[in-house]
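**Student:** Return a 3D structure for these sequence lines:
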Amino acid sequence: MLAAVALATAPAAHAADVGANDDTGKFAPDGGAAFYERMAAMGLRQTILTVRWRPSEPDVIQHQELLDRAVPAAASHGIRVVFAVYPYPPRELEAGVARPAGFAAYLTALAERYPDVRQYVVGNEPNQPAFWRPQLSATGKVLSAARFGAFLAAGYDALKAVDPGITVVGVGLSPRGNDNPRARTNRSTSPVRFLAALGAWYRHSGRRLPLMDGFSYHPYPWTASDAPTRRYAWPNAGFADLDRVKQALWDAFHGTPQPTTVGGLRLYLDEVGWQVDTLDAQGYTGLENVATTGERRQAAIYGRLVRLAACDPQVAQLNFFGFYDDSARDTGFQSALHRVDGTPRMAAGSVAVAIAETSAGCTGASVRWRPARRVSGASLTPWRRLRSGGLKVLVGAREGASAVVCMVDRAPAARRVVSSVRSLERRAVAPCWRGRLTPRSRVQVALTPPAWVTTRVSIVARIAAEANPARAALLVVRTGHAAPMPRP
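**Tutor:** So this is what the prediction gives:
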C-alpha cells in the first residue's frame, strides 16, 4: 500500500526461522521432552513460552517450576526458547498497580535465572483491551501506546543490563483495532495508529536508546476463509500488509535512535494461525465462536506462509499458533499444526516440506521494500462545473490523511511549488476547504471564485498522511484535469 515493492529472482541470504507459539510443553509431565522432540523433527527452530508478570505479585515468577523443566528440555532437542513477557491482567494496569520499574525488576530476575534464554518478546497485543487498558480517551486519543512505551523502554534497559546480547523484540501487536472510544465492546487501537502514537511518545520522551531490537507482529487473518494475500483495510494490517507495517514503523521512528526496517530492524511474526473446523474431532469442548476453514486449505496456506516469509529478508521469524490445539473451542485456538490429541494435521507435513524447500533461502521472488515519501493514493479529480462559475472536485487518498484545498489565481506560474499550507492559503482567492480523508470514500469539495477574480484559476490540494504529515502530495486541477505538482 504505502511502500514501493520490487520483485527480484535472486534468492534471499537467509530464510525466516519457523517455530510455534505454544505452552503445551511447559505443562507436560516430562517437561516437554517429547513435545520438543516432535518440533525439532519437523524442522522448527524455536518455541515461544508465555511468562506473565502479575503486578500484584511483582516478585513471583509465574510457573517457575515448570519453566525450570521446560527450558532445558527444549534446549536438549535444539529448540530455542523465547519468553513472551507482559503485564497481566489488564485490570491491574487500569487500576494503576503496575509500574515500569517493577516490570523491569521482574525481567531482570527472569534473565538472571534463565541465562540460556536469549530472546524476549516484551508485550502482547497492547492495542487490545484484553491485554492493555485503557486504550482510548473519550475523544479517541490513543492512551495505550505511551503507557506501554514506558514499560517497553524499562524492559529493554533491564534485559540489556543483564546481558547486552539478549535480543529484545518489542510490542507483539495485534493486526486489528477499531479506534472507536464509543464501541460497545473491544475498544481497541489499530496497528498503524498505535505505532504512530508510540513513535510520538518516543520522540517526546527524549530517549537516546532504542526500544527494541526486533518488532513482533501477529498477522492473523480477518477470517479463516481469507487467503494469505488478502489485504486488510487501512489502518489495520495482516500478512499481506507487511509493507504497511514497515511504513508505519518508518513513519513512527525514522530519524530517531530506534532503527526501522530500513536500518536493520526485522519483523518477528510471533503469532499467526488459521482456525480449522473441529466439529467431528474428539477431545474438544464448547462451541466454536469464529468462522473456520478446512484442514486441507489450512495446510496450503501454512506452506505458502513459510515460503512467503522466506522471501522477505526483513522477516526474521514465523511462529504458528500453536503446535498443539487448545481443547476449548470457545476460549482457545484451534489453528495448530496438530490436533489436541497430538495427531498431525496436513499442515504439519506442509510446513515441514516448506521448511526443507526454503532451508537455503528464498526459492521465488524476493521482496524489496523502501519507505514511501508521499501520501499514498492522493487524488484530486474534477467532477462538476457549477453554475456559479466554480468547480466541484473529488479529493481522496488510500490512507488516512488531512487535506487543504484552495482556489488560487493562475496568473503566477500554475505549477509553482506551494511549499506549505500557509503559503497555499496566502495565494487563495476564496476560503479554503480543510478536512480529513479516509480510504473508504472520496470527499466532494466545491469552490467558487469571487466576482472580482477575472483571471483563470486553479484548484490546488495539499494532502498529508495522518501517520506522518511530512509525507505530503500537492495536486492541481486546471482546464478539467488533475496533474501532480512537484513534491515539497
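
**Student:** use CA for all of it now, contacts and neighbours both
**Tutor:** Noted.

**Student:** secondary structure element for Cys362?
**Tutor:** When secondary structure is defined using DSSP states H and E, no element contains Cys362, which sits outside every helix and strand.

**Student:** I'd assumed Cys311 was in contact with it.
**Tutor:** Yes: using C-alpha atoms under 8 Å, Cys362 and Cys311 qualify as a contacting pair, with a distance of 4.6 Å.

**Student:** Those two: which is more packed in?
**Tutor:** Cys311 (29 against 26; other C-alpha atoms under 10 Å).

**Student:** okay, the more buried one: pLDDT?
**Tutor:** Here the pLDDT value assigned to Cys311 is 96.

**Student:** can you pull the contacts of it?
**Tutor:** Applying C-alpha atoms under 8 Å, 6 or more residues apart in numbering, we find Cys311 in contact with Pro11, Ala12, Ala15, Gly361, Cys362, Thr363, Gly364, Ala365, Ser366, Val367.

**Student:** If you drop the residues flanking it in sequence, what lies closest to Ala465?
**Tutor:** Taking C-alpha to C-alpha, 6 or more residues apart in numbering as the measure, Ala465 lies nearest to Ala401, with 4.3 Å between them; neighbours along the chain are not counted.

**Student:** Quick check, pLDDT for that neighbour.
**Tutor:** Each residue has a pLDDT score; the one for Ala401 is 97.

**Student:** Likewise for Glu125?
**Tutor:** pLDDT recorded at Glu125 is 98.

**Student:** Skipping adjacent residues, who's closest to it in space?
**Tutor:** Leu173 (4.5 Å).

**Student:** And that neighbour, how far from Pro126?
**Tutor:** Remark: distance between Leu173 and Pro126 (C-alpha to C-alpha, to the nearest Å) = 7 Å.

**Student:** can you give me the helices for the protein?
**Tutor:** In the chain, helices defined by DSSP state H lie at 24-27, 33-42, 64-76, 90-94, 100-113, 144-162, 191-205, 242-253, 295-310, 346-357, 421-427, listed in chain order.

**Student:** Give the other helices and strands that the first one contacts.
**Tutor:** If I follow you right, that is helix 24-27. Applying 3 or more C-alpha pairs under 8 Å, 6 or more residues apart in numbering; DSSP states H and E, we find helix 24-27 packed against helix 33-42, helix 64-76.

**Student:** what about the ones you listed, which gets the closest to Arg374?
**Tutor:** Ranking the helices and strands packed on helix 24-27 by distance to Arg374, with C-alpha to C-alpha as the measure, places helix 33-42 first at 43.9 Å.

**Student:** Leu211 is in contact with Leu152, correct?
**Tutor:** Yes: at 6.3 Å, Leu152 counts as touching Leu211 under the criterion of C-alpha under 8 Å.

**Student:** and for those two, which residues touch both?
**Tutor:** In terms of C-alpha under 8 Å, 6+ apart, Leu152 and Leu211 are both contacted by the residues Gly170.

**Student:** and the residue nearest to Thr139 when sequence neighbours are not counted, how many residues sit next to it?
**Tutor:** On the basis of C-alpha to C-alpha, 6+ apart, the spatially nearest residue to Thr139 that is not a chain neighbour turns out to be Pro181, at 6.9 Å. A count of nearby residues for Pro181, using other C-alpha under 10 Å, gives 19.

**Student:** State the phi and psi torsions of Pro181.
**Tutor:** Dihedral pair for Pro181: phi -70, psi -10, per degrees, to the nearest 10.

**Student:** can I assume it is in contact with Leu143?
**Tutor:** No: checked against C-alpha under 8 Å, the pair Pro181 and Leu143 is beyond contact range at 10.9 Å.

**Student:** Now list whatever residues contact both of these two.
**Tutor:** Here Pro181 and Leu143 share the contacting residues Leu136, Ser137, scored by C-alpha under 8 Å, 6+ apart.

**Student:** What is the neighbour count of the residue nearest to Tyr88 when sequence neighbours are not counted?
**Tutor:** Spatial nearest neighbour of Tyr88, excluding adjacent residues (C-alpha to C-alpha, 6+ apart): Arg54 at 5.3 Å. Taking other C-alpha under 10 Å as the criterion, the count of residues near Arg54 is 23.
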